[in-house]
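Novice: can't give you the sequence, but here's the structure:
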Ligand SMILES: Cc1cc2nc3c(=O)[nH]c(=O)nc-3n(C[C@H](O)[C@H](O)[C@H](O)COP(=O)(O)OP(=O)(O)OC[C@H]3O[C@@H](n4cnc5c(N)ncnc54)[C@H](O)[C@@H]3O)c2cc1C
């Protein structure tokens with residue numbers, strides 16, 4: 001959003017005077033500043049609250065001294081709470097100059113101006129010029145991003161920030177107990193109990209919004225533009241984004257439906273070192289953000305905060321149902337729902353999730369870990385990457401591994417990076433037995449599985465990477481899944497050379513095709529897939545080739 005002009009605000013209870021000041025200000029400053037006028041203190045404060053929420057800056061406040069409802073001094077005092085950097089001047093009659101002089105100390109007044117101020121070129125503009133100069137020196141800037149006011153240790157505040165970050169929506173984070181956070185709450189007429197508060201660039205204040213509302217209000221698409229497509233892709237990780245890019249680039253009417261934020265697991269990976277073409281590695285969010293833009297540029301429609309809850313065949317159409325009751329129909333469906341993290345099932349972990357315990361969000365939380373001792377649970381690559389990444393921010397990182405050696409489950413290059421990091425320690429044979437704390441995580445009880453010894457350690461942060469299960473619980477017959485819930489496809493569906501029960505066609509299922517013709521699976525959610533970004537992208541692309549083959553045979 002483009003920055004708007006900073007504001008010069010004038011308030012005078014005499015409408016004639018108020019209009020005259022505004023007119024003179026506009027004449028000289030209107031090109032670079034927005035002149036706002038009010039006829040009472042409360043009206044001016046209301047205008048300032050709105051300006052605050054819109055993220056605009058206020059350069060100068062010019063208030064009449066004598067006003068019936070609220071004096072100019074009272075107004076300026078309250079206005080300072082909202083815009084401490086705005087410069088302040090009083091308009092006074094000759095008889096009130098003593099009071100104005102006293103106010104210089106009381107409210108840190110910059111100037112007082114005597115009425116009348118004719119000619120403005122001599123009596124008004126030099127003063128305003130100087131005030132603007134002073135304001136500029138303070139470096140005050142309008143805010144064009146979404147603003148989030150919340151508590152550091154509130155799970156909901158964390159969810160809102162995580163959602164915005166993962167959807168590449170830039171935002172400004174303001175702790176509710178710091179001055180600017182308090183100012184925004186006051187401007188919205190709220191207090192600390194109402195966080196998280198999200199203020200959109202347009203100045204709308206959303207109190208504790210759900211993801212659907214948040215997505216829609218920050219400009220993300222949440223519902224389909226039409227009701228029929230060539231292909232619906234479910235899931236916006238590397239597999240889904242790969243499929244969307246190839247489908248749209250090859251002219252298929254394509255919609256991708258993502259329940260949270262595009263990027264999937266890869267979007268939460270702090271550094272992907274083994275993706276072809278990036279010899280120096282690439283941040284997962286950066287890679288998947290590029291992929292999202294690429295898919296969109298080819299014309300794929302991307303819906304976020306839209307969860308798919310069902311799939312059915314209606315004649316030759318394949319219809320996916322959405323959690324909000326909507327439906328999207330297409331000739332074909334690509335299931336690319338990936339996997340979701342296992343949660344830590346120990347006492348205290350559930351209550352402290354988002355309050356010191358995080359799943360896969362090392363990148364979002366890392367800056368807050370500066371000078372802290374943090375713990376990472378898990379022995380696979382995702383845990384290793386997080387440990388290496390966090391070591392650049394935290395004082396010390398301890399990796400907790402259930403096995404007796406890291407080498408068993410982690411790539412060699414990561415093991416080496418961990419060994420080379422001076423502030424990363426590895427504790428093998430160790431599991432978390434309990435998490436404890438009041439408002440946020442304060443302590444962990446760690447159990448040494450070899451000796452049975454339990455130790456309590458102080459801890460403010462715990463990042464959990466302990467495996468994952470496929471996001472396919474919403475699928476039912478006829479989509480066949482294996483014992484762990486992964487979607488079975490292609491040759492794996494042929495048992496003893498026989499096609500799956502109910503298979504209606506006179507051909508075998510294509511390589512990535514599920515047990516319902518026209519439905520394909522790609523990436524981590526597919527049984528026997530290789531759990532890697534490159535293979536997920538490759539399967540997404542391959543699924544689209546099979547979609548073409550399916551459509552040609554229709
Ligand atoms: C921290 C971490 C680091 C990793 N590092 C690497 C690495 O360095 N190199 C590498 O090759 N691999 C790495 N991986 C593995 C890699 O990220 C995955 O293999 C890859 O992301 C799988 O892609 P996918 O699209 O199949 O699934 P996912 O990435 O899991 O994406 C699935 C998407 O589907 C969405 N979804 C699920 N259910 C629904 C539904 N019902 N409706 C709508 N949307 C839904 C999810 O929200 C998600 O966005 C890492 C994984 C993690 C967790």
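Specialist: Received the coordinates, thanks. Worth saying up front: this structure is predicted, and the values here are computed from it rather than measured. Numbers count the residues shown, from 1 in each chain.
Novice: the ligand contacts on the protein?
Specialist: The chain comes close to the ligand at residues 234-240, 257-260, 264-266, 268-269, 272-274, 307-308, 336-339, 360, 381-382, 385, 471, 474, 523-525, 531-534, 536, as judged by C-beta under 6 Å from any ligand atom. The way it works is simple: take the backbone N, C-alpha and C, and place the C-beta from them, glycine included.
Novice: and the residues you listed, which of them are in strands?
Specialist: Members of these lying in strands (criterion: DSSP state E): 234, 257, 308, 339.
Novice: buried subset of the residues of the chain next to the ligand, written for ChimeraX?
Specialist: Buried members of the residues of the chain next to the ligand, defined by 16 or more other C-beta atoms under 10 Å, are picked up in ChimeraX with:
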select :234,235,236,237,238,239,240,257,258,259,260,264,265,266,268,269,272,273,307,308,336,337,338,339,360,381,382,385,471,474,523,524,525,532,533,536
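Novice: tell me how far residue 215 lies from residue 247.
Specialist: 23 Å (C-beta to C-beta, to the nearest Å).
Novice: show me which of these two is the more surrounded one.
Specialist: residue 247 (31 against 24; other C-beta atoms under 10 Å).
Novice: the more buried one is in what secondary structure piece?
Specialist: Using DSSP states H and E, residue 247 maps to helix 238-249.
Novice: just the pLDDT for the closest residue to residue 264 other than its chain neighbours.
Specialist: Closest residue in space to residue 264, ignoring its immediate chain neighbours: residue 237 at 2.2 Å, by C-beta to C-beta, 6 or more residues apart in numbering. The model reports residue 237 with a pLDDT of 97.
Novice: equivalent analysis for residue 362, please.
Specialist: Residue 362 is assigned 69 on the pLDDT scale.
Novice: can you pull the phi and psi angles for residue 291?
Specialist: Residue 291 has phi and psi values of phi -60, psi -40 when expressed as degrees, to the nearest 10.
Novice: my guess is it contacts residue 238, does it?
Specialist: Yes - counting by C-beta atoms under 8 Å, residue 291 does reach residue 238; the two are 7.0 Å apart.
Novice: which neighbours do those two share?
Specialist: Shared contacts of residue 291 and residue 238, defined by C-beta atoms under 8 Å, 6 or more residues apart in numbering, comprise residue 537.
Novice: and the longest helix for the chain?
Specialist: Scanning the chain for the helix with the most residues, using DSSP state H, yields helix 533-553.
Novice: that one: how far from the chain's middle?
Specialist: 30 Å (C-alpha atoms, centre = their mean, to the nearest Å).
Novice: buried residues in that helix, which are they?
Specialist: Residues 533, 535-544, 546-548, 550 are the ones in helix 533-553 that count as buried (16+ other C-beta under 10 Å).
Novice: also stretch 409-416?
Specialist: For stretch 409-416, the neighbour count (16+ other C-beta under 10 Å) marks 409-410, 414-415 as buried.
Novice: contacts for that stretch next, please.
Specialist: Under C-beta under 8 Å, 6+ apart, the answer for stretch 409-416 is 273-274, 379-381, 383-385, 388, 403, 406-407, 418.
Novice: repeat that for stretch 374-385.
Specialist: With contact meaning C-beta under 8 Å, 6+ apart, stretch 374-385 is reached by 265, 269-271, 344, 360, 362, 386-387, 390, 394, 396-403, 406, 408-411, 414-415, 417-418, 432, 444, 457, 459-467.
Novice: quick one: furthest residue from the center of this protein?
Specialist: residue 95 (55.7 Å; C-alpha atoms, centre = their mean).
Novice: for the ligand, see how far away residue 73 is.
Specialist: 55 Å (C-beta to the nearest ligand atom, to the nearest Å).
Novice: run through the stretch 401-550 of the chain and note the low-pLDDT ranges.
Specialist: Judged by pLDDT under 70, the stretch 401-550 of the chain has no weakly predicted residues.
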